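Next one to model:
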Amino acid sequence: MNVHEYQAKEIFRSFGIPIPPGEVAEDAAQAEAIARKFGGEVVVKAQVHSGGRGKAGGVKLANDAAEA
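Sure, this is the predicted structure:
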């Protein structure tokens, strides 16, 4: 089954498994707004069906909302 991380989290949540907070953004402005809501450092992840997204640059640490 191919599911994105955010979809897997919803499945886990439906079974009562604790999941860290997170939201899906479709553009940079949404990512900034979500990061501002969470405050502090956030992790921005590309949602793609492929392995190794971290090595390919699809996972980035943002120090603040503007960086997200």
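
which regions of this protein lie under the pLDDT threshold?
The chain contains residues with pLDDT under 70 at 48-57.

try 80
1, 46-58 (pLDDT under 80).

what are the ranges of the strands in it?
Taking DSSP state E, the strands of the chain run over residues 42-45, 59-62.

of all those strands, which lies closest to residue 11?
strand 42-45 (17.2 Å; Cβ to Cβ). (Glycine included, C-beta is placed from N, CA and C.)

Check which helices and strands that closest one is in contact with.
Applying 3 or more Cβ pairs under 8 Å, 6 or more residues apart in numbering; DSSP states H and E, we find strand 42-45 packed against helix 28-38, strand 59-62.

Tell me which of the ones you listed sits most buried.
helix 28-38 (a mean of 15; mean count of other Cβ atoms under 10 Å).

so how far is that one from its chain's centroid?
Mean-position distance between helix 28-38 and its chain equals 11 Å (Cα atoms, centre = their mean, to the nearest Å).

Then stretch 1-14?
On Cα atoms, centre = their mean, the centre of stretch 1-14 falls 12 Å from the chain's centre.

Dump that stretch to PDB, restricted to CA.
Only the C-alpha atoms of stretch 1-14 are listed here, as PDB (Å, rounded to 0.1, in the frame of the first residue of the first chain):
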ATOM      1  CA  MET A   1       0.000   0.000   0.000                       C
ATOM      2  CA  ASN A   2       1.300   3.400  -0.900                       C
ATOM      3  CA  VAL A   3       0.300   6.100   1.600                       C
ATOM      4  CA  HIS A   4       1.900   9.400   2.400                       C
ATOM      5  CA  GLU A   5       3.200  10.000   6.000                       C
ATOM      6  CA  TYR A   6       0.200  12.300   6.800                       C
ATOM      7  CA  GLN A   7      -2.200   9.600   5.700                       C
ATOM      8  CA  ALA A   8      -0.500   6.900   7.800                       C
ATOM      9  CA  LYS A   9      -0.600   9.300  10.800                       C
ATOM     10  CA  GLU A  10      -4.400   9.500  10.400                       C
ATOM     11  CA  ILE A  11      -4.700   5.700  10.300                       C
ATOM     12  CA  PHE A  12      -2.600   5.400  13.500                       C
ATOM     13  CA  ARG A  13      -4.600   8.200  15.200                       C
ATOM     14  CA  SER A  14      -7.900   6.300  14.400                       C
END
